[in-house]
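S.K.: What would the 3D arrangement of this be:
(2 chains)
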Amino acid sequence: MNGSATNTTNSGGLSAILDKHEPELLSKWISEQLGSATRRKDLMKESELREQSRQFLSLLRAASQSRNFTDTSRPEWTAVRDLLTDISKSRALNGFTPSETASFIFSLRSPLIELIQREGGLDTKEITVDLGDATRLLDKLGLYTFEEFQKTREGIINRQQQEMMELSTPVVRLFDGIVAVPLIGTLDSARTQVVMENLLQRIVETGAEIAIIDITGVPTVDTLVAQHLLKTVAAARLMGADCIISGIRPQIAQTIIHLGVDLQNVTTKATMADALVMALKTLGMAITKGQKHGRGPALNS
Amino acid sequence: MERIPILKMGEFLLVTIQVDMHDQLAMNLQDDLTQRIVKSKAKGVLIDISSLEIVDSFIGRMLGNIAGMSRILDAQTVVVGMQPSVAITLVELGLSLQGVRTALNVERGMRLLRTALGEDEESDDGLED
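M.R.: Here you go, the predicted structure:
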């Protein structure tokens, strides 16, 4: 008789406690969070914190009616997971640290444990079972929060990488029929793709006959980077534009030769100025020194 | 039988590829073009592929072949109007069409051919002197 009674309370243990003491747990949990060192007054209002906590507890109570505290990936936990995803996301975007984010869940631990102990009274067996359930559940949810936080952060990093890639590959029109690509940063295959697309598009738009690829800002040139450069040159050539590679620093010239990269078929120049002069010459143009247009006070008057 | 038209423009031949190339069509084009070069004593061939949006290694090789055949028959080939995406695809396929001249559009291609032929004549003159 006694055994069966314990069994029923055990199976209903944690969910019954949540059901019965939700308001009390909520107020204790909120004061725990408000008093905690990881609270960010500057990033989040108290009312928002209260609202998030209230929502979470009510969803947790609903989900815990299933009495499944081990597998939070099941459908009855979907609402809880969605809320946690939202919370983690907004905290990650607002600049919370990982521990500040995870403390949302972990600060629930001590009020909950206190409640379990009080409710269990002298029944140590029930307390042990409930504590096990509560710890497992909070760990799972805490880890989930952390993962979501990480995902959001990775999303930000990826987006920034993408933006950087597009920003750092401008194609400028230097002169009638001459475009230039000043490359800055490491040249990997993804960036080569972007550079190539931009360059070819600009060649079509401007009808350029000569493209100058300036690699002054490329820190190192290895065989892979050289291969990417050659690919770009080949693609531009297919569009009917000649390429000149400029901005080759002394060390890079040495590396290229040591690596045995064949740049025989590509015109190379040490500086962009040399490349421009050569491009103009190829197009049958020249820059000549003319009379200065004195706008200010004339010196020779 | 489906054929790609070959237009004669002065001393050059203009081939505009506007349909998807398949093997038989390409073979026909090679046949026709070589015959036309011989018959019309053309000095240059312009292949306009501006409406070609999809290329594969087969077309890449075919362009190279046509250029090679024309060269043997003393006509220079210029491939004109290649789309950026096509150029990227060809390079990724490892076909950079070495030995084939390229230009942005037909007008540029024609200018290129004229300069090239002009230079040839000049150098011929040089030999005669």
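
S.K.: CA atoms for contacts and neighbours, from now on please.
M.R.: Noted.

S.K.: what pairs with A:Asp214 across the strands?
M.R.: A:Pro182, A:Ser246 (DSSP bridges).

S.K.: now the helix or strand containing A:Glu163, how far from the chain's geometric center?
M.R.: Assigned by DSSP states H and E, A:Glu163 belongs to helix A:124-167. Taking Cα atoms, centre = their mean, to the nearest Å, one finds the center of helix A:124-167 at 16 Å from the center of the full chain.

S.K.: That one packs against which elements?
M.R.: Judged by 3 or more Cα pairs under 8 Å, 6 or more residues apart in numbering or on different chains; DSSP states H and E, the packing partners of helix A:124-167 are helix A:2-35, helix A:78-94, helix A:98-106, helix A:109-120, helix A:189-206.

S.K.: Format the CA atom coordinates belonging to the helix or strand hosting A:Arg237 as CSV.
M.R.: Take DSSP H and E as the rule and A:Arg237 turns out to sit in helix A:223-238. Listed next in CSV are the C-alpha coordinates belonging to helix A:223-238 (Å, rounded to 0.1, in the frame of the first residue of the first chain):
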residue,chain,number,x,y,z
THR,A,223,50.3,27.5,-55.2
LEU,A,224,46.6,27.6,-54.6
VAL,A,225,46.4,31.4,-54.7
ALA,A,226,48.5,31.4,-57.8
GLN,A,227,46.1,28.9,-59.4
HIS,A,228,43.2,31.1,-58.5
LEU,A,229,44.8,34.1,-60.0
LEU,A,230,45.6,32.2,-63.2
LYS,A,231,42.0,31.0,-63.4
THR,A,232,40.7,34.6,-63.1
VAL,A,233,43.2,35.7,-65.8
ALA,A,234,42.0,32.8,-68.1
ALA,A,235,38.3,33.7,-67.6
ALA,A,236,39.0,37.4,-68.4
ARG,A,237,40.8,36.4,-71.5
LEU,A,238,37.9,34.3,-72.6
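
S.K.: Tell me what angle that helix forms with helix A:189-206.
M.R.: Between helix A:223-238 and helix A:189-206, the angle comes out at 20 degrees (axes from the mean of the first three to the mean of the last three Cα atoms, to 10 degrees).

S.K.: Need the residues that contact helix A:223-238.
M.R.: Contacts made with helix A:223-238 from outside it, assessed by Cα atoms under 8 Å, 6 or more residues apart in numbering or on different chains, are listed as A:187-189, A:192, A:195-196, A:199-200, A:211, A:242-243, A:256, A:259, A:261, A:263, A:266, B:82, B:84, B:87-88, B:90-92, B:96-97, B:102-103.

S.K.: Apply 7 Å and report the result again.
M.R.: When contacts are defined by Cα atoms under 7 Å, 6 or more residues apart in numbering or on different chains, helix A:223-238 is touched by residues A:187-189, A:192, A:196, A:200, A:242-243, A:259, A:261, B:82, B:87-88, B:91, B:96, B:102.

S.K.: and B:Ser96, how far is that from B:Val55?
M.R.: Applying Cα to Cα, to the nearest Å, the value for B:Ser96 to B:Val55 is 13 Å.

S.K.: So the two - more neighbours on which side?
M.R.: In terms of neighbours (other Cα atoms under 10 Å in any protein chain shown), B:Ser96 is the more surrounded of B:Ser96 and B:Val55; the figures are 22 against 16.

S.K.: Quick one: classify that one as helix, strand or coil.
M.R.: Following DSSP: H, G, I helix; E, B strand; the rest coil, B:Ser96 is assigned to coil.

S.K.: nearest residue to it other than its sequence neighbours?
M.R.: Of all residues beyond its chain neighbours, the one nearest B:Ser96 is A:Ala234 (5.8 Å), with distances taken as Cα to Cα, 6 or more residues apart in numbering or on different chains.

S.K.: Tell me how many other residues crowd the one you found.
M.R.: 27.

S.K.: Can you find the helix or strand of chain B with the lowest average pLDDT?
M.R.: Taking mean pLDDT, DSSP states H and E as the measure, the helix or strand of chain B with the lowest value is helix B:106-128, at a mean of 77.

S.K.: quick one, what contacts the closest residue to A:Val204 other than its chain neighbours?
M.R.: Nearest residue to A:Val204, sequence neighbours excluded (Cα to Cα, 6+ apart): B:Leu104, at 7.2 Å. For B:Leu104, the contacting residues are A:207, A:239-240, B:80-82, taking Cα under 7 Å, 6+ apart as the criterion.

S.K.: From the residues you listed, pick the one nearest B:Met9.
M.R.: Taking Cα to Cα as the measure, B:Met9 sits nearest to B:Val80 out of these, at 15.3 Å.

S.K.: So that closest one sits against B:Ile49, correct?
M.R.: Yes: B:Val80 is in contact with B:Ile49 according to Cα atoms under 7 Å; the separation is 6.3 Å.

S.K.: higher neighbour count, these two?
M.R.: The residue with more neighbours, out of B:Val80 and B:Ile49 and counting by other Cα under 10 Å, is B:Val80; that gives 25 against 20.

S.K.: do you know how far the more buried one is from A:His228?
M.R.: When Cα to Cα is the yardstick, B:Val80 and A:His228 sit 24 Å from each other.

S.K.: And A:Glu100, by the same measure?
M.R.: As for A:Glu100, its distance to A:His228 is 44 Å (criterion: Cα to Cα).

S.K.: For the closest residue to chain A within chain B, the count of nearby residues, please.
M.R.: For chain B, the residue positioned closest to chain A under Cα to the nearest Cα is B:Ala103, at a distance of 3.6 Å. Taking other Cα under 10 Å as the neighbour definition, B:Ala103 ends up with a count of 27.

S.K.: for A:Gly290, same thing?
M.R.: Using other Cα under 10 Å, A:Gly290 has 6 other residues around it.

S.K.: my read is it is in a helix, agree?
M.R.: No: the assignment for A:Gly290 by three-state DSSP gives coil, which leaves it out of any helix.

S.K.: Next, the closest residue to chain B within the stretch 151-300 of chain A: secondary structure please.
M.R.: For the stretch 151-300 of chain A, the residue positioned closest to chain B under Cα to the nearest Cα is A:Gly240, at a distance of 3.6 Å. Secondary structure, three-state DSSP: A:Gly240 is coil.

S.K.: Can you give me the distance of it to A:Asp274?
M.R.: Counting by Cα to Cα, the gap from A:Gly240 to A:Asp274 is 22 Å.

S.K.: Looking at these two, which has the bigger crowd around it?
M.R.: Applying other Cα under 10 Å to A:Gly240 and A:Asp274 shows that A:Gly240 carries more neighbours, namely 28 against 15.
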